[in-house]
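1. please find the sequence and the predicted model below.
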Amino acid sequence: MIWESIYLNGAQMKELDTAAMRLGTSEIRLMENAGAAIYREVSSAAPDGNITVVCGIGNNGGDGYAVAYMLKQAGRNVTVIYTDNPRGEASMYFRHLFEGLGGRLLEYRADSELCANIIIDCSAAVIDALFGFSFAGKLSGDYACLTELINSTHAKVISADLPSGVYADGGYAEGCVLADITCTFSVNKLSTVSYPSYSYCGRIVLCDIGVPSEAMDSIRPAGCILGNEIIEYAQKRPVNSNKGTFGTLLSLCGSPGMTGAAYLSAVGALRSGVGLLEIVSDGETLAVLKNRLSEPVFAVFSPDEPPPREYNAFLVGCGIGREYDSCLGEILKRQKHTTVIDADGINYIASHINVLTEMQGDIILTPHPGEMARLMGCQISYVNENRTECARSFAMEFGCVLVLKGNRTVIASPQGQISICPAGGSALAKGGSGDVLAGVIASLAAQGMSSYRAACLGVYVHALAGDRLAAEWGEHGVLPHDLPREIGR
């Protein structure tokens, strides 16, 4: 069985393997199925030419011996290069089968120059079966030499379970394998769904190796991967309804130099179904917005006067600059409904972090990595290297939903739940895309959706809209103002 909507960490993968064998699935059967899965990908990606399989001493090496045997059986020209004799009986079983067909076996340290030439000159595919999900530490000695050689070949590089040197829990060792294809088994790991290690995996193929469904019963996944089923959160709108049925969103966005941010967040909110949008801002900004938008109601912002009508969610920050720094803290502390804080609102929070602990309603923060670094008081590089942990720890510490934007956006709940969005690409890497997203999430919250669900659904449909538009216009040609209409669809 495969589990497409979750991912596990390294410790949970060990639990899954143990549970599978406890339930009667033999190690040989798992290895055979893993080999067959890799065989299918090799046959498709590299149908002709010679193949080199680089095997370590553990079960990952056993997967390599299994696929080498199957490829040799199919008449392919296969060489196995190994670091040492296999540790396990199952690995040795498939090695003997390969030898029995006259397969060529070379020990790397016995003739490293010959092995190096074979890897570099390989014409079809190099199968990386040195290390799997249990790898930790650094690459050194023969292993570092072999991963460097694998990265030097012009052949397709296909990794078994994970590229060697990549950690299951994210991150990677210096010199790790850069795969063209990663055949990961049964379930994704953090490293196959999130940066920075995700970038070393190439095209990821989730492979069924026969782990029984019951093996997952006692394992709580490390996180979720958003998919089309998330759209079911947006329930069908009742026929007998009115604008009050779908909530009111209050938006404090925009300033004279950044009216576009207010406009984009507004259209994102409106296309996502909110019943009524009220925009408060300065008079100059409102004058521009009134010429572009017909649907919202408008009011000049006053820090001392309450909004003219009741509302169900509050959006603040898109394009406000530093216009409201003198009163923003008190405004936020008064909020009893879900508050979505974006852009300049996050920059304010970064220097007034205690405001978060004094707010009354639910909070959703939507930072990009630079804003996240300011919130945490760390370097952007640290955020990019620890995306899920940064999001999780901040969300739990401050009791908020945290949307860490970027490719493979991470959504974290106050309880430590993590979801990762696999959709979205560089079409969204343009100023204004984040404003649309903030409006969508706030709109969903105003309609009564829980903060975490609103964030997950908003992120997913925003990313999916980017992908669909990119298919039509190309990633260069998509503009943020194209997104709301596609999101509505």
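-> All right, it came through fine.

2. how many residues are close by Gly466?
-> For Gly466, the neighbour count with other Cβ atoms under 10 Å is 28. Heads up, the C-betas are built off the backbone N, CA and C, glycines and all.

3. and after the one helix or strand it maps to, which helix or strand comes next?
-> Element membership of Gly466 [criterion: DSSP states H and E] is helix 451-473. Next helix or strand after helix 451-473 toward the C-terminus (DSSP H and E): helix 483-488.

4. buried set for that next one?
-> Of all the residues in helix 483-488, those buried under the rule 16 or more other Cβ atoms under 10 Å are 483-484, 486-487.

5. distance between that helix and the chain's centre?
-> 22 Å (Cα atoms, centre = their mean, to the nearest Å).

6. what about the strands in the stretch 151-300 of the chain?
-> 156-160, 181-185, 187-189, 203-207, 223-225, 248-252, 276-281, 297-300 (DSSP state E, counting those that start in this stretch).

7. among those strands, which is nearest Ala427?
-> Ranking these by distance to Ala427, with Cβ to Cβ as the measure, places strand 203-207 first at 19.5 Å.

8. angle of that closest one against strand 156-160?
-> Counting by axes from the mean of the first three to the mean of the last three Cα atoms, to 10 degrees, strand 203-207 lies at 40 degrees to strand 156-160.

9. tilt between strand 203-207 and strand 181-185?
-> 30 degrees.

10. would you mind writing the CA trace of strand 203-207 as PDB?
-> Coordinates of each C-alpha in strand 203-207 appear next as PDB, following Å, rounded to 0.1, in the frame of the first residue of the first chain:
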ATOM      1  CA  ARG A 203      11.200  13.500  -9.900                       C
ATOM      2  CA  ILE A 204       9.700  11.600  -7.000                       C
ATOM      3  CA  VAL A 205       7.900   8.300  -7.500                       C
ATOM      4  CA  LEU A 206       5.900   6.900  -4.600                       C
ATOM      5  CA  CYS A 207       6.200   3.100  -4.900                       C
END
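
11. distance to Tyr143 added to the buried residues of helix 483-488, as CSV?
-> Listed next are the buried residues of helix 483-488 as CSV, based on distance: Cβ to Cβ, whole Å:
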residue, distance to Tyr143
Leu483, 46
Pro484, 50
Glu486, 47
Ile487, 47
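
12. now the residues you listed in a markdown table, with pLDDT?
-> Converted to a markdown table, the buried residues of helix 483-488 look like this (pLDDT from 0 to 100):
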| residue | pLDDT |
| --- | --- |
| Leu483 | 98 |
| Pro484 | 98 |
| Glu486 | 98 |
| Ile487 | 97 |
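
13. can you tell me what sits against the helix holding Gly466?
-> 226, 230-231, 233-234, 268, 272, 338, 362-364, 366, 401, 403, 409, 411, 413, 417, 419, 421, 423-425, 427-428, 433, 436-437, 440-442, 444-445, 449, 478, 482-483, 486-487, 489 (Cβ atoms under 8 Å, 6 or more residues apart in numbering).

14. apply 7 Å and report the result again.
-> For helix 451-473, contacts defined as Cβ atoms under 7 Å, 6 or more residues apart in numbering pick out 226, 230-231, 233-234, 338, 362, 364, 401, 403, 409, 411, 413, 417, 419, 421, 423-425, 427-428, 436-437, 440-441, 444-445, 478, 482-483, 486-487.
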